[in-house]
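Trainee: Sequence and computational prediction follow.
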2 protein chains.
Amino acid sequence: MAEKKLVEAITAMEEDFAQWYTDVVKKAELLDYTSVKGCMVIRPAGYAIWELIQKQMDERFKETGVQNVYLPMFIPESLLNKEKDHVEGFAPEVAWVTHGGLQPLQERLCVRPTSETLFCDYYKNTVHSYRDLPQICNQWCSVVRWEKETRPFLRSREFLWQEGHTAHATAKEAEERTLQMLNVYADFCEQVLAIPVIKGRKTDKEKFAGAESTYTIEALMHDGKALQSGTSHNFGDGFAKAFDIQYTDKNNKLQYVHQTSWGSTTRLIGAVIMVHGDNSGLCLPPKIAPVQVMVIPIQQKKEGVLSKAEEICDRLKKVSRAGIDITDKSPGWKFSEQEMRGIPLRVEIGPKDIEAGKCIICRRDNREKYEVSLEELENKVTELLDRMQVEMLERARAHRDKHTYVAKNMDEFRRLFNEKTGFVKAMWCGDQACEDAIKEELAVTSRCMPFEQENLSEVCVCCNKPAKKMVYWGKAY
Amino acid sequence: MAEKKLVEAITAMEEDFAQWYTDVVKKAELLDYTSVKGCMVIRPAGYAIWELIQKQMDERFKETGVQNVYLPMFIPESLLNKEKDHVEGFAPEVAWVTHGGLQPLQERLCVRPTSETLFCDYYKNTVHSYRDLPQICNQWCSVVRWEKETRPFLRSREFLWQEGHTAHATAKEAEERTLQMLNVYADFCEQVLAIPVIKGRKTDKEKFAGAESTYTIEALMHDGKALQSGTSHNFGDGFAKAFDIQYTDKNNKLQYVHQTSWGSTTRLIGAVIMVHGDNSGLCLPPKIAPVQVMVIPIQQKKEGVLSKAEEICDRLKKVSRAGIDITDKSPGWKFSEQEMRGIPLRVEIGPKDIEAGKCIICRRDNREKYEVSLEELENKVTELLDRMQVEMLERARAHRDKHTYVAKNMDEFRRLFNEKTGFVKAMWCGDQACEDAIKEELAVTSRCMPFEQENLSEVCVCCNKPAKKMVYWGKAY
């Protein structure tokens, strides 16, 4: 009964995916609402996932020469206004500080929605000669965008992210860095989060305010909607000209720098929930599971059970992030909690198991159970965690591929988006009018022009004029 | 010549300590000013130190059961107003957000100067039963206080810190946690930063706005001024009553929780500079040095030198954070840079050394040089880093003890603060009037009532009434 209650507390995903999502976020204790409208608390269970994401992503950054820094959270209005496209993109959604202490400010400050302008200000002071280049900086911080509709992890007025900002001597180097970081994101999503992504370039309509080009990784959620999971922008020398960031090259000539920026956010946690979760709750890939194995004693009051379970937990701590549940709840309730929290493996051990020198290991993702000799415990747990990490990616890839369709004309395009949810691949003439028309009619957006182009037909799906690019389309979060 | 230039760029500390400090901060590239008044950039060399501080402090926190979370950066005015003393302490120095996007806000929001009120709001939603206690949370974030005078790392309008906030079932447990965290800070300062600290309690005049009691660790800088380096507050049930945070105890009765908070900031980096630095620049304790050993090839254009130096660097990377300087600067210039940046050890290797199968290792703190056989390299580097860590603490402790004086009456007290700088220990009656009078006359403040009390005399140094406590006094940053 009690077990049922915990599981019944979440809506079935087939019934109402949005409600299922909110229920999981809440019941797995990842996040909570606050008295501050549109802002949320990331609770210990949620923040521990973010810490594992940060650690593993930061290591990958540093391998490519990234250095972390911290810049102010405030941007003076005059600084924000320096690059025209950029300010137009962000000014409508920033929060303004107008008073410091008891005094009104001479110039109002916005709380950073992103920090291109501050990094430009910094590089202008720091970069003088070609010897000062490249600058490869990143910061982990929070940013603020005054969203009207908010959604846990996916959209909130304040969110945590990392933003990388670089300055280079040449356009070529900037473009290489832009793509390099996109590849870091893609590899991270696949290898760490077990989420397959499509890499591609945004159309001009969808690119970042102030960028020459924006690259993106797009993932498909369980409900068939797309989630932009990381972006990397090449600014060319546009910001450098607006902020006058010049350096002396080897021939003693003044040159503008070429810049990039790239970011990913706590919405990656939302992606993990919506790609791997099920009707029992969260399901975490082992690499970002704060607890990877939960030992649950059965009939723990019987002599010797608790001490054996603790011994097992201690052994497992040497090869994994292991925990033990010794509360006075029933085993069934503990199982439900472990499943709700998405803990990859559960080890069950009771009097009979101890007698037989074995235990039961149960995988969270596919519920497979294994009877394991206690001698084999560490090996088996290590093997299962590794296998689960790989198979979760394979399963997500199969789901993504199964929900990726091809449309060769508007009729097919309409039918697909009316009947199914997923990615639709279709050819495009490159004209924004077609993009606008499709968005208007079907409420779907161009997700990206993938690097892996296919020649599905010779004409644009919308206007029948000659096609230039294959585009992934989808309903997006 | 070139070498001289780099060193001459910083003012001698005996000449002007404040200028020396600013010069080191700037020349070691730790921090820079920005277009945002009172806010600074923490540059890669500075942020890497903060990352090492964070990592090692966070590990110590987690060993005591601390869980990290993230709460919003905004506090609605009504929430800030709930606890009378607290709002009076902070309201005059907060930044106010009055507009979100293009709209004025219905209620203005302050940017958090500290998060007691938000944690109260969170605990009110989360804590219902004794089973939900204790709550031991911490967050790493930035806070804003609208300071008029700012100083790199020591005082700025925005700064990075960690703030721990806990809720407990009993007053006893809250007091224990308050002291436990003070001990974590003290141990961290001594073992990691090599800075000895005095542990004690703040007087009522100096305690935190809203706290029942505030404990502090106080360190002595090289110029004899004191720096408050971490504080831990016991709130009793004051905030719980203001925010109505109650739980059902084991007897099914409603009880208020008892709360604590504790914080430390990037000013710890300022402390490291001012305790260990010298006229050649920064001097970092090995445990927080982003680069612990710098390999500098001598006559690097001669055949075999560069490859040998790189081989040595690769070997050292296995036992330390090692780097190599292969720029085309002169060795002397490289030595000066390594010293300016505070890198603990320098390995010099040239053609003659290679022939003799040895190298020179030079310690940053005391300039001792060692001729070391290349076979012994890893062992010697490890040994020297360990020894340097220990001896830097010993040296700082000796300096602190040498500059700690005793005053038994106002004449001695005056003479000491007129002639010397340092801590002065003196007895106090417990009356705030004496504290005020001393501050008024000598511009020194009570730093703390140390846990290790001594009975220096029977009477208060100021009023001659019976003494209750020995107090450390000092000029503070």
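Mentor: Yes, it's here.

Trainee: Give me the nearest residue to A:E175, chain neighbours excluded.
Mentor: Closest residue to A:E175 apart from its sequence neighbours, by Cβ to Cβ, 6 or more residues apart in numbering or on different chains: A:N234 at 5.6 Å. The C-beta positions use only the backbone N, C-alpha and C, and glycine is treated the same way.

Trainee: what's the model's confidence in stretch A:135-155, averaged?
Mentor: Per-residue pLDDT over stretch A:135-155 has a mean of 96.

Trainee: Just the endpoints, please. Distance across it?
Mentor: 30 Å (Cα to Cα, to the nearest Å).

Trainee: quick one on the thing from earlier: state the next helix or strand along the chain beyond the helix or strand harbouring the residue nearest to A:E175.
Mentor: Element membership for A:N234, per DSSP states H and E: strand A:226-236. Following strand A:226-236 in sequence order, the next helix or strand is helix A:238-243 (DSSP H and E).

Trainee: tell me what the helix or strand that that next one is followed by is packed against?
Mentor: Sequence order places strand A:246-248 as the next helix or strand after helix A:238-243, per DSSP H and E. Here strand A:246-248 touches strand A:254-256, going by 3 or more Cβ pairs under 8 Å, 6 or more residues apart in numbering or on different chains; DSSP states H and E.

Trainee: what lines up beside the strand it packs on in the sheet?
Mentor: Strand A:254-256 has the following strand partners under DSSP bridges: strand A:246-248 (antiparallel).

Trainee: quick one: furthest residue from the center of chain A?
Mentor: Distance from the C-alpha centroid of chain A peaks at A:E303, with 46.1 Å (Cα atoms, centre = their mean).

Trainee: just checking, that residue is part of a helix?
Mentor: No - membership of A:E303 in a helix is not supported by DSSP: H, G, I helix; E, B strand; the rest coil, which gives coil.

Trainee: Quick check: pLDDT value at it.
Mentor: 94.

Trainee: The helix or strand A:R447 falls within pairs with which strands, and in what direction?
Mentor: Here A:R447 sits within strand A:445-450, counting by DSSP H and E. Strand A:445-450 has its sheet partners listed here by DSSP bridges as strand A:198-201 (antiparallel), strand A:469-474 (antiparallel).

Trainee: what helix or strand is the closest residue to chain B within the stretch 301-450 of chain A on?
Mentor: Going by Cβ to the nearest Cβ, chain B is nearest to A:T327 of the stretch 301-450 of chain A, at 8.8 Å. Under DSSP H and E, no helix or strand contains A:T327.

Trainee: on that earlier part again, could I get the strand holding A:R447 in PDB with only the CA atoms?
Mentor: C-alpha atoms of strand A:445-450 as PDB (Å, rounded to 0.1, in the frame of the first residue of the first chain):
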ATOM      1  CA  THR A 445      10.700  25.800 -35.500                       C
ATOM      2  CA  SER A 446      13.800  25.000 -37.400                       C
ATOM      3  CA  ARG A 447      16.100  23.300 -34.800                       C
ATOM      4  CA  CYS A 448      19.200  23.300 -36.900                       C
ATOM      5  CA  MET A 449      20.900  22.700 -40.300                       C
ATOM      6  CA  PRO A 450      22.700  19.500 -39.300                       C
END
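
Trainee: now the angle between strand A:226-236 and that strand, please.
Mentor: Angle of strand A:445-450 versus strand A:226-236, following axes from the mean of the first three to the mean of the last three Cα atoms, to 10 degrees, is 60 degrees.

Trainee: ok, the residue nearest to A:E175 - contacts?
Mentor: For A:N234, the contact set (Cβ atoms under 8 Å, 6 or more residues apart in numbering or on different chains) comprises A:174-175, A:178, A:211-215, A:258, A:260.

Trainee: Now do the contacts for the spatially closest residue to A:W428 that is not a sequence neighbour.
Mentor: Spatial nearest neighbour of A:W428, chain neighbours left out: A:V471 (4.6 Å); criterion: Cβ to Cβ, 6+ apart. Each residue near A:V471 by Cβ under 8 Å, 6+ apart is listed here: A:203, A:425-428, A:446-450.

Trainee: Let's verify A:E88: helix, strand, or coil?
Mentor: helix.

Trainee: From B:K380, how far off is the residue of the stretch 301-450 of chain A closest to chain B?
Mentor: 52 Å (Cβ to Cβ, to the nearest Å).

Trainee: What of A:T114?
Mentor: 48 Å.

Trainee: out of the two, which sits in the more crowded spot?
Mentor: Taking neighbours as other Cβ atoms under 10 Å in any protein chain shown, A:T114 and B:K380 compare with A:T114 leading, 24 against 18.

Trainee: Let me know whether that one touches A:G263 as I believe.
Mentor: Yes - look at A:T114 against A:G263 with Cβ atoms under 8 Å: they come within range, at 7.3 Å.

Trainee: Now for the two: what residues contact both?
Mentor: Joint contacts of A:T114 and A:G263 (Cβ under 8 Å, 6+ apart) are A:E163.

Trainee: and chain A, what are its domains?
Mentor: Domains of chain A are assigned by automatic domain parsing as A:19-276, A:293-384, A:404-474.

Trainee: Show the end-to-end separation of the longest one, please.
Mentor: Counting by Cα to Cα, the length from the leading to the trailing residue of domain A:19-276 is 16 Å.

Trainee: now swap in the last one and tell me
Mentor: Using Cα to Cα, the gap from the first to the last residue of domain A:404-474 comes to 10 Å.

Trainee: now it, how far from the centre of its chain.
Mentor: Mean-position distance between domain A:404-474 and its chain equals 25 Å (Cα atoms, centre = their mean, to the nearest Å).

Trainee: mind listing what the residue nearest to A:Y477 when sequence neighbours are not counted touches?
Mentor: Spatially, and ignoring its direct neighbours in sequence, A:Y477 is nearest to A:L227 (4.8 Å; Cβ to Cβ, 6+ apart). Residues near A:L227 by Cβ under 8 Å, 6+ apart: A:154, A:218-221, A:267, A:270-271, A:274, A:476-477.

Trainee: can you check A:V192 too?
Mentor: Counted by Cβ under 8 Å, 6+ apart, A:V192 has contacts A:53, A:56-57, A:285, A:287-288.

Trainee: if we can go back for a sec, select from the contacts of A:N234 every entry located in strands.
Mentor: A:213-215, A:258, A:260 (DSSP state E).

Trainee: What's the local residue count around the residue of the stretch 151-300 of chain A found nearest chain B?
Mentor: Chain B sits closest to A:E158 of the stretch 151-300 of chain A, with a gap of 5.7 Å, by Cβ to the nearest Cβ. By other Cβ under 10 Å, 22 other residues sit near A:E158.

Trainee: if I read this right, A:A48 contacts B:Y70, doesn't it?
Mentor: No - assessed by Cβ under 8 Å, A:A48 is found out of contact with B:Y70, at 11.3 Å.
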